[in-house]
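A.B. asks: Return a 3D structure for these sequence lines:
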Amino acid sequence: MIGPLLVDAAFVVFALLAIVTGYRVFRTDSMVRAAFYLLASFAAVGGIMVLLGAEFLGMVLILMMAGEMLVMAIVMVMYMMNPAGLNPMVMVHQNRVAAIAGLVAFLALSAVGLAGEFPDQPVPDPASATEELGRELLGNSMLVFQTAGITLLATMIGAIAIAGSRGRYGSADEGSVEPGLQPDEEVA
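C.D. replies: Below you'll find the predicted structure:
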């Protein structure tokens, strides 16, 4: 068993990581980098949940956000106007409104965390609570989740195939050209 001091230190590290990477989401100039910063922030929050005894929810958060952010980054690389979404761009619009909304949300959540009364009694049987939560989340949808997993895998394989040197419209070394909209149409 890990000591309380080590748990507190891990909590502080995860909390700082979540805050710094969450801040970096809005300060980076790349959609792809923003996706990976967001992934790191969610992973840190998942780590905090594991430390607080919500192992199942923490791991679900980490696994779901990892898959979601990776798919989002792959889709951005495939379909964004600038190559790989790595060209500089402004990530925040309406800066003043965004800053005020973020500050108000931070203060409200801090007030709840500091002034709220939370239960201090442990769950009688944490194993059954985790099992019940798993059944509630998945229920009869296991086939749906497995199908979604295979679909996401196929999407990632397709994205890698498209991003290869052969490319979507021919070899990148020979100047690939997008085909015309009509058969036998010349492309300018």
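A.B. asks: Heading C-terminal from the helix or strand bottoming out on mean pLDDT in the chain, find the next helix or strand.
C.D. replies: Of all helical and strand segments in the chain, the minimum by mean pLDDT, DSSP states H and E falls on helix 126-138, at a mean of 73. Sequence order places helix 142-163 as the next helix or strand after helix 126-138, per DSSP states H and E.
A.B. asks: Could I get the average pLDDT for that following helix?
C.D. replies: In this model, helix 142-163 has a mean pLDDT of 79.
A.B. asks: list the buried ones in it?
C.D. replies: Judged by neighbour count (16 or more other CB atoms under 10 Å), helix 142-163 contains these buried residues: Ala159. For glycine as for every other residue, the C-beta is placed from the backbone atoms N, C-alpha and C.
A.B. asks: Check which helices and strands that helix sits against.
C.D. replies: In terms of contacts (3 or more CB pairs under 8 Å, 6 or more residues apart in numbering; DSSP states H and E), helix 142-163 is packed against helix 55-79.
A.B. asks: angle of the least confident helix or strand of the chain against helix 55-79?
C.D. replies: Helix 126-138 runs at 30 degrees relative to helix 55-79, counting by axes from the mean of the first three to the mean of the last three CA atoms, to 10 degrees.
A.B. asks: chain center to helix 126-138, what's the gap?
C.D. replies: Per CA atoms, centre = their mean, to the nearest Å, the displacement of helix 126-138 from the mean C-alpha position of its chain is 23 Å.
A.B. asks: Now do that helix: which elements does it pack against?
C.D. replies: Counting contacts by 3+ CB pairs under 8 Å, 6+ apart, helix 126-138 is packed against helix 55-79.
A.B. asks: For the helix it packs on, give me every contacting residue.
C.D. replies: For helix 55-79, contacts defined as CB atoms under 8 Å, 6 or more residues apart in numbering pick out 31-32, 35-36, 38-39, 42-43, 45-50, 52, 84-85, 130, 133-134, 137, 152, 155-156, 159, 162-163.
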